[in-house]
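> can't give you the sequence, but here's the structure:
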């Protein structure tokens with residue numbers, strides 16, 4: 001369905017529904033958790049029976065957010081998650097546009113008879129939802145959720161909702177420095193601060209709560225940076241051994257890839273993180289200017305995302321993945 005009709009249709013569905021489930025993507029980040037929490041607060045305040053069911057856990061630095069302690073972890077409580085999905089008459093999928101991104105929840109979402117609503121800002125959405133609120137040119141799903149809530153009820157944005165939305169917008173725009181940050185983004189941020197989002201406190205809770213082990217891991221990541229000869233690209237690697245030495249926890253390497261872009265005249269930074277548990281190499285791509293990170297990740301590493309921020313995966317070893325990436329980037333320059 002077309003975007004110009006979607007907000008009014010979503011409003012009607014909310015008014016007609018009673019049991020809602022809100023689902024972020026697997027390994028949810030600040031935008032996924034922030035948008036889900038904001039929408040959940042809104043629906044609960046409207047008297048609906050609403051719950052967030054996350055495919056798996058999320059980083060500790062997000063676990064201060066209002067209402068996050070009520071999120072159901074599908075990986076830890078699968079049976080309860082299945083019941084919630086089966087009983088839902090309305091399912092929101094937030095910050096992803098391909099059901100495969102919901103991990104082990106995918107088949108249960110497909111089988112559900114609930115109306116499904118996709119709210120997302122990634123390119124090339126799949127056709128699984130009854131309503132698609134898809135805006136690839138907007139920098140975060142939280143910004144889309146703000147516009148939706150503001151459309152339905154402009155007085156509904158509480159301090160809790162404002163804090164959740166601020167967090168998601170801040171993290172997905174790289175603290176407002178990515179090209180997707182617009183004048184509209186800043187106008188929304190101003191409104192959220194007026195509604196009670198404590199911008200300084202939120203920034204501290206997200207960025208200034210490194211554990212000793214996480215800081216040690218950052219030092220290892222920076223030590224491992226290599227630059228591609230005669231090309232403005234850098235690669236960072238973290239082996240399973242290095243992760244184990246720093247007692248790695250989910251989210252500990254969040255943002256490490258951005259340090260590569262802080263180097264003068266570097267247009268692409270890639271981080272490769274070994275996961276023995278999943279038997280894969282997780283990859284994150286961050287770029288500046290015209291380097292289309294999403295196209296590169298999709299073409300060579302079964303990934304995707306945005307022009308300047310994307311993810312991918314490799315089933316080769318860390319060394320093999322690194323060597324392949326180096327050779328590809330030498331040709332790509």
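Here it is on my side, so go on. Just so you know, these numbers come straight off a predicted model, no measurement behind them.
> for residue 182, what are its contacts?
residue 139 (CB atoms under 8 Å, 6 or more residues apart in numbering). Where C-beta positions appear, they are placed from N, C-alpha and C, glycine not excepted.
> next one: phi and psi at it?
phi -120, psi 180 (degrees, to the nearest 10).
> can you pull the pLDDT of it?
Looking at residue 182, its pLDDT is 96.
> How about the one 3 residues further on?
Per-residue confidence for residue 185 comes out at a pLDDT of 98.
> What about it, how many residues nearby?
Residues lying near residue 185 (other CB atoms under 10 Å) number 20.
> On the three-state scheme, it is what?
When classified by DSSP: H, G, I helix; E, B strand; the rest coil, residue 185 comes out as helix.
> Quick check: it touching residue 143?
Yes: the criterion here is CB atoms under 8 Å, and residue 185 meets it with residue 143 at 6.2 Å.
> okay, and the common contacts of these two?
residue 169.
> Just the pLDDT for the residue lying farthest from the centre of the chain.
Ranked by distance from the centre of the chain (CA atoms, centre = their mean), the top residue is residue 230, with 32.7 Å. Note on residue 230: pLDDT of 87.
> who touches the spatially closest residue to residue 25 that is not a sequence neighbour in this structure?
Distances taken as CB to CB, 6 or more residues apart in numbering put residue 96 closest to residue 25, at 3.8 Å, once the chain neighbours are dropped. Residue 96 is in contact with 24-25, 32, 102, 120, 122, counting by CB under 8 Å, 6+ apart.
> With residue 100 instead?
By CB under 8 Å, 6+ apart, the contact set of residue 100 is residue 106.
> measure it to residue 281 for me?
Per CB to CB, to the nearest Å, residue 100 is found 18 Å from residue 281.
> what residues does the host helix or strand of residue 20 touch?
For residue 20, the host element (DSSP states H and E) is strand 19-23. Strand 19-23 is contacted from outside by 14, 36, 39-40, 43, 48-55, 84-85, 87-94, 102, 105, 109, 114, using CB under 8 Å, 6+ apart.
> List only those of those residues flagged as buried.
14, 36, 39-40, 43, 48, 50-55, 84-85, 88-94, 102, 105, 109, 114 (16 or more other CB atoms under 10 Å).
> Just the ones of those in strands?
50-54, 90-94 (DSSP state E).
> ok, those vs residue 135, which is closest?
residue 94 (12.7 Å; CB to CB).
> Please give me every residue in contact with that closest one.
22-25, 32, 35-36, 39, 119-120, 141, 145 are the contacts of residue 94 under CB under 8 Å, 6+ apart.
> same thing but 7 Å
Neighbour list for residue 94: 22-24, 32, 35-36, 39, 119-120, 141 [criterion: CB atoms under 7 Å, 6 or more residues apart in numbering].
> On the pLDDT front, check it for me.
98.
> Return the distance of it relative to residue 146.
Distance, residue 94 to residue 146, by CB to CB: 13 Å.
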